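> model this:
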Amino acid sequence: KIGPVLVADEIREYVTKYGLLIANKEYFFEENLKGASYSMRPDPEDAWEFNEKGERGRLEVEEDDEGKYYRVKQNSLVYIRLQQCLRLPFYMIGRHNLTIKYVYQGLLLGTGPQVDPGWFGKIYIPLHNFTNRDVKIYLHKSFVSIDFVRTSHLILDKGIPSSRKDFIERYPEKRPIPESKTGNRTLSDYLKGATPTSFLQEFIPRIK
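Numbering: from 1, shown residues only. Got it, this is the predicted structure:
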């Protein structure tokens, strides 16, 4: 293979032929495939916000002439899960960021850019809106773009593993992600009791 970053044809082949990169193939949309990346949509049933009291509540789905959307309120922090379920092989990482449309609207993606080799599951996208107006995240449109990058060669000198569990047991020195940290983890699993909110929600009333 030439080049570390997968191009469109390779992404399509990994998904449709091998069931990798995007595990739930029913959510693989050809129009979201770019030259060397794939754009993912928000999950219509898994988005959250915290109010100024630290109370968590679901982001309600609203609708206008353009379609259904989540409202990211001004000066707020929200968590939106991706509709696509990622399944990365042990020789590839994923790097994700907001699509340029939402960057220009003032949203900031509050997470690291890398999904590690061997990751399986959906990820939550923390979004900060530091602007003085609400931003709409439409459910039928992409809002996070991800590119897939090959690592150095994966050398399997202890034999070919028959399963994910077998790989983890044979090659602990490769630091594979434990199965307990992948799969259908909820937002509560990540937060562990924390109630993060945007400080601007308190700061602006204090200034006034």
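> show me what contacts the residue nearest the centre of the chain?
The centre of the chain sits closest to residue 123, judged by Cα atoms, centre = their mean, with a distance of 4.1 Å. Residues near residue 123 by Cβ atoms under 8 Å, 6 or more residues apart in numbering: 81-82, 86, 96, 115. Backbone N, C-alpha and C define where each C-beta goes, glycine included.
> if I look at it, how far off is residue 40?
According to Cβ to Cβ, to the nearest Å, residue 123 stands 9 Å off from residue 40.
> before we move on, what about residue 30?
Counting by Cβ to Cβ - residue 30 and residue 40 are separated by 14 Å.
> Show me the helices in this protein, by range?
With helices called from DSSP state H, the chain shows them at 8-18, 100-104, 164-170, 187-191, 200-207.
> quick one: which of those helices is nearest residue 181?
When the helices of the chain are compared by Cβ to Cβ, helix 187-191 sits nearest residue 181, at 8.8 Å.
> Would you mind checking the average pLDDT for the closest one?
In this model, helix 187-191 carries a mean pLDDT of 83.
> Going forward, the N-terminal residue is numbered 473.
Okay, residue one is now 473; in that scheme the one you just asked about reads as helix 659-663.
> any residues touching it, and which ones?
Contact with helix 659-663 is made by 518, 520, 528, 551, 553, 596, as judged by Cβ under 8 Å, 6+ apart.
> try 7 Å
520, 551, 596 (Cβ atoms under 7 Å, 6 or more residues apart in numbering).
> on that earlier part again, filter the contacts of residue 595 to the buried ones?
Among those, those classed as buried by 16 or more other Cβ atoms under 10 Å are 553-554, 558, 568, 587.
> about what we covered before: tell me the one of the contacts of residue 595 nearest residue 629?
Once Cβ to Cβ is applied, the member of the contacts of residue 595 that ends up nearest residue 629 is residue 587, at 25.7 Å.
> So the closest one sits against residue 561, correct?
No. Residue 587 lies out of contact with residue 561 (Cβ atoms under 7 Å); the separation is 11.8 Å.
> what is in contact with those two at once?
Residues touching both residue 587 and residue 561 by Cβ under 7 Å, 6+ apart: none at all.
> Before I go, just wanted to say thanks for your time.
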